[in-house]
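S.K.: quick check, what structure comes out for this input:
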Amino acid sequence: GLISIGFVIVSMLAVQVITLFMVIRTAFKSGFIPGCFSKEMAVCLFTKGIKQHIGAISAFIYIKINQLIVFKYCGEEQSGIFAVALTLALYLTLVPETFQLVLYPRVIHSDDDYEVTANALKFGFYVWGAIVILIIIFAKPILLMYGGKKFLASINAFRILMFMVWFLPLSSLIAPY
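M.R.: Numbering: from 1, shown residues only. Presented below is the predicted three-dimensional model:
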């Protein structure tokens with residue numbers, strides 16, 4: 001009864017704001033931001049990225065609330081098992097997200113955004129999908145390495161979450177294009 005939806009939202013937003021200020025301060029101290037500030041560019045970047053940012057924050061809030069629901073209805077042990085499966089599945093989204101970041105320069109210098117987008121989606125769907133299927137097949141040894149024998153009960157939850165991890169990055173692959 002101590003944690004409410006308002007508390008979760010406020011804490012997530014506070015973490016986001018604090019992180020933003022820390023990054024800006026570090027960038028200024030390191031000399032990464034020389035020159036003058038472009039209001040037009042800042043507004044453009046903000047308006048282009050606000051939908052993606054809201055979607056990401058909503059997903060993180062949902063993940064936290066989902067863990068609270070599992071804790072309330074299934075108890076500590078099942079909540080821990082689910083948390084291991086969820087954390088590992090979310091860590092694995094780094095692979096397609098890295099692919100997306102590598103493509104940014106290609107998109108900036110490309111004359112045909114559609115071609116880059118179509119190729120990125122093909123790669124994201126088929127190649128990442130094949131990797132996800134391999135991860136699903138080898139879920140037991142992966143979870144043994146990640147969490148140990150105590151968390152082998154999370155295999156089924158992990159396999160289900162891996163399907164989410166297959167489709168989750170597709171929307172962000174389209175975002176910069």
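S.K.: what are the ranges of the helices in this protein?
M.R.: Using DSSP state H, the helices of the chain run over 5-30, 39-91, 94-108, 113-122, 128-137, 139-147, 155-174.
S.K.: pick the most buried one from those helices.
M.R.: Burial of the helices of the chain is given as mean neighbour count (mean count of other C-beta atoms under 10 Å); helix 155-174 ranks first at a mean of 17. Where you see a C-beta, it was placed from the backbone N, CA and C, and this is true even at glycine.
S.K.: just how off-centre is it within its chain?
M.R.: 10 Å (C-alpha atoms, centre = their mean, to the nearest Å).
S.K.: pull the CA atoms of that helix into CSV?
M.R.: Coordinates of each C-alpha in helix 155-174 appear next as CSV, following Å, rounded to 0.1, in the frame of the first residue of the first chain:
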residue,chain,number,x,y,z
ILE,A,155,12.5,-20.3,-18.4
ASN,A,156,8.9,-20.2,-19.6
ALA,A,157,8.4,-16.5,-18.7
PHE,A,158,11.7,-15.7,-20.4
ARG,A,159,10.7,-17.5,-23.6
ILE,A,160,7.4,-15.6,-23.7
LEU,A,161,9.2,-12.3,-23.1
MET,A,162,11.6,-13.1,-25.9
PHE,A,163,8.8,-12.8,-28.4
MET,A,164,8.1,-9.3,-27.1
VAL,A,165,11.8,-8.6,-27.5
TRP,A,166,11.6,-9.7,-31.1
PHE,A,167,8.9,-7.2,-32.0
LEU,A,168,9.7,-4.4,-29.5
PRO,A,169,12.7,-2.9,-31.5
LEU,A,170,10.9,-2.8,-34.8
SER,A,171,9.1,0.5,-33.9
SER,A,172,12.4,2.1,-32.9
LEU,A,173,14.0,0.9,-36.1
ILE,A,174,11.5,3.0,-38.0
